[in-house]
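Engineer: build me a structure from this.
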Amino acid sequence: MSLSIRILLGLAFGLGMGVYISIVESTWLLNLTQWIEPIGTLWVNAIRMTVIPLLMSLLVTSIAGQKNAQIAAKLGGKILLVLLVMIVLSSGLTFIFAPQLLSLFSIGDQVSKELLSSTSVTNNAQANLPAFSEWFVALIPTNPIAAAANNSILPLLIFMSLFSAALLKVDNTNRAVVVNFFEAIKKAMFILIDWIMLVAPFGVFALVLSLSAKLGFEALTALGSFMLIACGLIVAVTLLLYPLASIVGRLPLKEFIKFCAPVQVIGFSTRSSLASLPATIDAAEKLGISTKISGVVLPIAVTLFKFASPIARTVGTYFIADLYGIELTVIQMLVIAIAIGLLSFYSPGIPSGGLLIMSPIYHTLGLPIAGIGLLIAVDLIIDMFITASNVTANITVAALVSRHDR
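Structural biologist: A predicted model of the protein is given here:
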């Protein structure tokens with residue numbers, strides 16, 4: 001039985017057993033999930049511990065291994081162009097279809113009052129989000145080692161990229177010493193990742209068991225329409241990536257589906273593109289994408305690229321406006337879609353990190369910031385779909401950038 005099937009079985013079994021536990025409401029079964037939950041956390045931690053050394057080694061071997069700096073610079077420009085075009089694609093489709101889909105559902109006054117009363121939860125999102133000027137200044141780390149220790153991926157990525165570019169100016173003998181050192185680290189990380197992936201079915205099972213046991217079948221009817229539209233649009237736009245990767249990216253469609261599946265499951269269960277990075281790199285390699293290219297493309301994509309985040313956040317903003325009885329003009333809806341799309345590059349790469357960018361947009365457009373608390377309440381499920389879509393888009397970007405090299 002392939003690893004993909006075993007991971008999918010772990011996901012299905014965990015979901016099914018969790019829903020059963022929520023129905024029977026057995027105390028000892030609920031206690032059992034609390035004992036099993038740490039297994040999933042341990043598995044995610046095992047994945048995360050490989051990310052920093054893997055990212056550093058991939059960047060050095062990919063950039064410093066290039067023949068000259070012009071090749072590396074050309075590749076970086078191509079990556080950024082592809083990322084921007086794909087963000088425009090996801091934001092544009094959301095702007096076109098989301099308002100029409102939301103208009104099919106009406107929210108009763110009584111339901112609105114009950115929901116709005118729950119938005120007094122807490123809105124620490126704005127407090128946790130640094131000012132743009134602070135974020136921009138922090139892009140250049142004063143201490144790269146501290147950046148690695150604090151999981152500040154983007155500053156570390158910038159330092160390692162500059163460090164790797166500087167190595168291109170060093171003589172071949174000394175550069176080879178550094179490149180070979182990081183090449184050995186990269187190979188060791190791939191072996192470690194293979195070991196971690198062997199227990200992936202158990203890790204996925206433990207993660208979704210606890211989650212589904214807590215949620216069960218409970219869902220607020222008024223929020224169901226929003227979740228359905230957001231997740232439906234994410235799935236629909238994600239499906240467009242398959243012909244894009246196959247036709248434009250020149251990847252065999254069956255192999256793309258096959259090797260993306262386990263990465264999507266990991267992304268779905270962990271809600272973290274960063275935690276999915278090792279599996280994403282492995283899938284890209286199996287699809288014939290050179291690690292010299294994927295080693296540059298995928299770390300950049302994981303750090304900057306949030307393909308599906310603008311879809312969910314834009315739909316959520318339209319929904320909150322409708323909930324509060326605020327009629328948005330076409331221009332305002334377009335501004336919301338553009339702003340969320342561009343600011344998705346600023347969004348932290350953590351579960352529900354995209355919601356941290358919403359406060360400035362709401363404040364600027366006069367939307368009730370308290371509505372963000374309502375979105376946080378249901379973001380758990382939506383963020384699963386976002387991450388599964390994001391990791392698929394990351395592999396697609398690697399395919400598009402490498403199409404001429406294959």
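
Engineer: quick check: which ranges of the stretch 251-400 of the chain have low pLDDT?
Structural biologist: For the stretch 251-400 of the chain, applying pLDDT under 70 flags the ranges 346-357, 359-360, 363-364, 369-370, 373-374, 376-378.

Engineer: please enumerate the helices of the stretch 51-200 of the chain.
Structural biologist: 69-102, 109-118, 125-128, 132-137, 144-149, 153-167, 172-198, 200-215 (DSSP state H, counting those that start in this stretch).

Engineer: give the contact list for residue 251.
Structural biologist: 245, 287, 288, 399 (Cβ atoms under 8 Å, 6 or more residues apart in numbering). In this view, the C-beta of every residue, glycine as well, is placed from N, C-alpha and C.

Engineer: one more time with 6 Å, if that's ok
Structural biologist: By Cβ atoms under 6 Å, 6 or more residues apart in numbering, the residues touching residue 251 are 245, 287, 399.

Engineer: any idea how far it is from residue 393?
Structural biologist: Applying Cβ to Cβ, to the nearest Å, the value for residue 251 to residue 393 is 14 Å.

Engineer: between the contacts of residue 251, which is closest to residue 362?
Structural biologist: residue 245 (34.7 Å; Cβ to Cβ).

Engineer: now do the buried residues in whichever strand or helix holds residue 387.
Structural biologist: Per DSSP states H and E, residue 387 falls inside helix 371-401. Buried residues in helix 371-401, counted by 16 or more other Cβ atoms under 10 Å: 371-376, 378-379, 382-401.

Engineer: how about stretch 15-32?
Structural biologist: Per 16+ other Cβ under 10 Å, stretch 15-32 contains these buried residues: 15, 17, 18, 21, 22, 32.

Engineer: per-residue pLDDT of residue 98, please?
Structural biologist: On pLDDT, residue 98 comes in at 92.

Engineer: excluding chain neighbours, what is closest to it?
Structural biologist: residue 315 (4.8 Å; Cβ to Cβ, 6 or more residues apart in numbering).

Engineer: so what secondary structure elements neighbour the helix or strand harbouring that neighbour?
Structural biologist: Here residue 315, judged by DSSP H and E, is contained in helix 309-323. When contacts are defined as 3 or more Cβ pairs under 6 Å, 6 or more residues apart in numbering; DSSP states H and E, helix 309-323 sits against helix 69-102, helix 221-239, helix 330-343, helix 371-401.

Engineer: which pLDDT value goes with residue 164?
Structural biologist: pLDDT for residue 164: 86.

Engineer: I should have written residue 181 there, sorry.
Structural biologist: If you check residue 181, the pLDDT there is 94.

Engineer: burial check on it, number of neighbours?
Structural biologist: Per other Cβ atoms under 10 Å, the neighbour tally for residue 181 reads 13.

Engineer: same check, this time on the one 10 residues further on
Structural biologist: Using other Cβ under 10 Å, residue 191 is surrounded by 8 other residues.

Engineer: if we can go back for a sec, neighbours of the residue nearest to residue 98, how many?
Structural biologist: By other Cβ under 10 Å, 28 other residues sit near residue 315.

Engineer: got a list of what it touches?
Structural biologist: By Cβ under 6 Å, 6+ apart, the neighbours of residue 315 are 98, 229, 230.

Engineer: right, and the second one touches residue 101 too?
Structural biologist: Same thing as residue 229. Yes. Counting by Cβ atoms under 6 Å, residue 229 does reach residue 101; the two are 4.7 Å apart.

Engineer: and residue 270, how far from residue 282?
Structural biologist: Counting by Cβ to Cβ - residue 270 and residue 282 are separated by 15 Å.

Engineer: okay, the two: which has more neighbours?
Structural biologist: residue 270 (24 against 18).

Engineer: per-residue pLDDT of the closest residue to that one other than its chain neighbours, please?
Structural biologist: Distance criterion Cβ to Cβ, 6+ apart; nearest residue to residue 270, sequence neighbours excluded, is residue 44 at 5.5 Å. As predicted, residue 44 sits at a pLDDT of 77.

Engineer: which secondary structure elements does the helix or strand where residue 44 lies contact?
Structural biologist: Assigned by DSSP H and E, residue 44 belongs to helix 27-59. Helices and strands touching helix 27-59, by 3+ Cβ pairs under 6 Å, 6+ apart, are helix 153-167, helix 172-198, helix 200-215.

Engineer: and residue 336, how many residues sit next to it?
Structural biologist: 26.

Engineer: residues contacting it?
Structural biologist: Going by Cβ under 6 Å, 6+ apart, the list of residues near residue 336 reads residue 317.
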